[in-house]
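[1] When you get a sec, could you give me coordinates for this:
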Amino acid sequence: MSVNGIHWSRDKVLFALADIVMVALAWGIAFWLRFNFELPAEYRTMALDTMPWAVGCMVVGLAVARVQRQAWRYVGLADLRQLAWGVLLGVLATVACVMVLRYPGFARSVFPIFGLLVLAMLAGARATWRSIAEQRHARGGAGGQSSLIIAGTLEEADQALRTLKGSQAWQVVGIVSPRDQDVSQSLQNVSVLGTINQLGDIAEAHGVHSVLLASVPGSALRREVLLRWSGSQLNLLTMPTADHWLNSPATDLRQVDLEDLLGRTPVALDAGDLAEWLSGQTVMITGAGGSIGSELCRQVARFGVSRLVCVDVSEAAIYTLEQELRIAHPEMLGNYYTANVREHERMLAIAQKHHPVVIFHAAAYKHVPLMEESNEVEALRTNVLGTLNVARVAGECGAQRFVLVSTDKAVNPTSIMGASKRLAERVVQAMADRYPITEYVAVRFGNVLGSSGSVVPLFTSQIARGGPVTVTHPDIVRYFMTIPEAAQLVVQAGRLGQSGQIYVLDMGEPVKIVELARLLIRLSGRTETEVPIVFTGLRPGEKLFEEWLANDETTSATDHPQLRVVHQTAVVLSFNELERLHAWVEELGPAPAPNVLRSGLHGYVQEYRVRGA
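    Numbers count the residues shown, from 1 in each chain. Reported below is the predicted structural model:
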């Protein structure tokens, strides 16, 4: 039965009747307490005469506060505040009603006693019912529950305990905290057994093999536990992400992985706004078969594009992508091209056939040492001329937006790859002036965990062979993000961006590469004794640390909390300079002298620090 939008089940009716009975009892007890347990006959009659009015007024107050919607089994602090508000309204209504009835000699002190009794009885009933339900639930699942220790501060552990409450899979036996003062305290009837340093001994003493890291991703505590206990007998777990909740219960804990080393919270998308922007549109992505490009395709497909035009020079990569997307998004029209971004006419023909609204340009050479020696001219032809071609095509076919995937290595570059990407940024900014109908933006981000050519696949293969794991320098650090984060950032910046702007992500704290190597070794179940780490020295064009802003750049906030827009003082290239740039790269020939190429590149990218200069 439904009344006023509320479904009145049998249990809900019984709970409502219980509330009414308790309110009536509270009214009688209030008189009894007021007269010190010796209620005169005339006041006994007065209590009985006014009881229907008091109960009715209290029911109205509770109804106005929507207390009847509460589920007793899951009552919490917010529900108790709602209950207190309803009781206050009920008491005020009762006062008004009794005053109107004009009972002579009515003891007004009955009213506050009545309110306190109603609040105590109704709250107590709900708390008792929840406690009974939880104990019954715990007994039902006790046979299959696994013991768990929570690692984190009291605030973090409190949130984890709330999430795990009622779980049939996990039984929390204790908490370990980074703070000494928390030891011996209790939280939701769970004791703080010791500090993080004692985690191993505490787990062994209680026969526990699973530890839940309650701290936020990238926190110092989480990184300490990961680096110290990965590869041990302890099973390190973390709470699922918001995306994971969509497909499984919140109590379905997941294994920790490399993403938990990130020194910041994961990127959050404005999914509704992006779906509104991309739904039903035609989108073109270059470099679609690569790590970032293929993830861009997945993310864009999620938002309901009508047609996705995928371009990559690799036949194998574009074939694999086609097979995946046809299965995952059978309703989406897909066009898959093997084409080279260096060929302007080919790119223009593809764009004019489909008229994309948005073009994401991810095609690029990105391997620093490989582009630094023997392949310098290839970096310029693909990263610079390829960008020039696709950006020009975006303007020629009337695309609304063009988004360049750039890199932090473009900032104060010391490598050919970094300088070529900085020049690509300048090309995009110049195109913004040339084709005002199209919005041109660029997005910089750091190293991508697990992408092809990154350190993670390299370290993994070295560990599989038994080592050694090669790290160039003990102090080298990098900013990292996941492949989905990188793609999401590009899409979000494409939506927010204004023409000619460059965007950067708040990347949090950098990660030491040697820490990453140690974690991978431990996650593989081995030790550094079994798989040693060897330092080989910095490679050509490699920096100890990456920068996010050049010396003449500043940033300001955007509507997205993790995206910032870069402000520059550099002069935008003119169209004539773009023509000269194109001619210069073509004139370099198939095997230019390295010093000639580097000198010419420095002329276009003044901040490029030429090796050996």
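[2] What number of residues are in the vicinity of Ile20?
    Neighbour count for Ile20, taken as other CB atoms under 10 Å: 14. In this view, the C-beta of every residue, glycine as well, is placed from N, C-alpha and C.
[3] nope, Ile196 is what I meant
    For Ile196, using other CB under 10 Å, the count is 18.
[4] Next up, phi/psi of Val192, please.
    phi -80, psi 110 (degrees, to the nearest 10).
[5] and what of Glu528?
    Torsion angles at Glu528 (phi, psi; degrees, to the nearest 10) stand at phi -70, psi -20.
[6] hang on, isn't it packed against Ile521?
    Yes - counting by CB atoms under 8 Å, Glu528 sits close enough to Ile521 to count as a contact (6.1 Å).
[7] more neighbours, those two?
    Taking other CB under 10 Å, Glu528 and Ile521 do not tie; Ile521 has more neighbours (24 against 15).
[8] and the gap between that one and Gly386?
    For Ile521, the distance to Gly386 equals 38 Å [CB to CB, to the nearest Å].
[9] One more: His602?
    21 Å.
[10] Looking at these two, which has the bigger crowd around it?
    Higher neighbour count among His602 and Gly386: Gly386, with 27 against 15, using other CB under 10 Å.
[11] Strands of the stretch 101-250 of the chain, start to end?
    Taking DSSP state E, counting those that start in this stretch to define them, one finds strands in the stretch 101-250 of the chain at 146-151, 170-177, 186-187, 190-195, 210-213, 235-238.
[12] So for Gln281, which of the ones you listed sits nearest?
    strand 235-238 (35.9 Å; CB to CB).
[13] pLDDT of the closest one, averaged?
    Here strand 235-238 scores 78 as its mean pLDDT.
[14] Surely Arg223 and Glu515 touch.
    Yes - with contact defined as CB under 8 Å, Arg223 counts as touching Glu515 (7.5 Å).
[15] which one of these two has more residues nearby?
    Per other CB under 10 Å, whichever of Arg223 and Glu515 has more neighbours is Arg223, with 22 against 15.
[16] Hmm, Ala203 is touching Val211, no?
    Yes - contact criterion CB under 8 Å: Ala203 and Val211 qualify, at 6.8 Å.
[17] List the residues that are in contact with both of the two.
    Common contact partners of Ala203 and Val211 (CB atoms under 8 Å, 6 or more residues apart in numbering): 149, 234.
[18] Could you look up the SS state of Lys12?
    At Lys12 the chain is in helix, as set by DSSP: H, G, I helix; E, B strand; the rest coil.
[19] Next: Leu573.
    Per three-state DSSP, the secondary structure class of Leu573 is coil.
[20] Find the nearest non-adjacent residue to it, please.
    Closest residue to Leu573 apart from its sequence neighbours, by CB to CB, 6 or more residues apart in numbering: Ala430 at 4.0 Å.
[21] just the CA coordinates of the helix or strand where the one you found lies, formatted as PDB?
    Taking DSSP states H and E as the definition, one finds Ala430 inside helix 416-434. Output of helix 416-434 as PDB, limited to C-alpha atoms (Å, rounded to 0.1, in the frame of the first residue of the first chain):
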ATOM      1  CA  ILE A 416      64.600  16.200 -29.100                       C
ATOM      2  CA  MET A 417      61.300  14.500 -28.200                       C
ATOM      3  CA  GLY A 418      60.500  17.200 -25.600                       C
ATOM      4  CA  ALA A 419      61.500  20.100 -27.900                       C
ATOM      5  CA  SER A 420      59.400  18.600 -30.700                       C
ATOM      6  CA  LYS A 421      56.400  18.500 -28.500                       C
ATOM      7  CA  ARG A 422      56.900  22.000 -27.300                       C
ATOM      8  CA  LEU A 423      57.100  23.100 -30.900                       C
ATOM      9  CA  ALA A 424      53.900  21.100 -31.600                       C
ATOM     10  CA  GLU A 425      52.200  23.200 -28.800                       C
ATOM     11  CA  ARG A 426      53.300  26.400 -30.500                       C
ATOM     12  CA  VAL A 427      51.900  25.100 -33.800                       C
ATOM     13  CA  VAL A 428      48.600  24.500 -32.200                       C
ATOM     14  CA  GLN A 429      48.500  28.000 -30.800                       C
ATOM     15  CA  ALA A 430      49.300  29.400 -34.200                       C
ATOM     16  CA  MET A 431      46.500  27.500 -35.800                       C
ATOM     17  CA  ALA A 432      44.100  29.000 -33.200                       C
ATOM     18  CA  ASP A 433      44.800  32.400 -34.900                       C
ATOM     19  CA  ARG A 434      44.700  30.900 -38.400                       C
END
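[22] Would you mind stating the distance between Gln606 and Pro413?
    With CB to CB as the criterion, Gln606 and Pro413 are 11 Å apart.
[23] Which one's more surrounded, these two?
    A count of neighbours by other CB under 10 Å puts Pro413 above the other of Gln606 and Pro413, at 27 against 10.
[24] In contact with the nearest residue to that one once chain neighbours are set aside, which residues?
    Setting aside the residues directly before and after it, Pro413 is nearest to Ala419 in space (CB to CB, 6+ apart), at 4.2 Å. By CB under 8 Å, 6+ apart, the residues touching Ala419 are 410, 413, 601-602, 605, 608.
[25] Just the ones in helices from those residues, please.
    601-602 (DSSP state H).
[26] Please identify which pair of the contacts of Ala419 lies farthest apart.
    Greatest spatial distance among the contacts of Ala419 (CB to CB): Ala410 and His602, at 14.4 Å.
[27] out of the strands of the stretch 101-250 of the chain, which comes closest to Met371?
    Closest approach to Met371 among these is made by strand 235-238 (36.7 Å; CB to CB).
[28] For the chain, name the helix or strand with the lowest mean pLDDT.
    One helix or strand of the chain scores below all others by mean pLDDT, DSSP states H and E: helix 242-245, with a mean of 41.
[29] where's Leu385 relative to Val377, distance?
    Here Leu385 is placed at a distance of 10 Å from Val377 (CB to CB).
[30] Apologies, that question was intended for Pro474.
    Here Pro474 is placed at a distance of 34 Å from Val377 (CB to CB).
[31] So the two - more neighbours on which side?
    Taking other CB under 10 Å, Pro474 and Val377 do not tie; Val377 has more neighbours (18 against 10).
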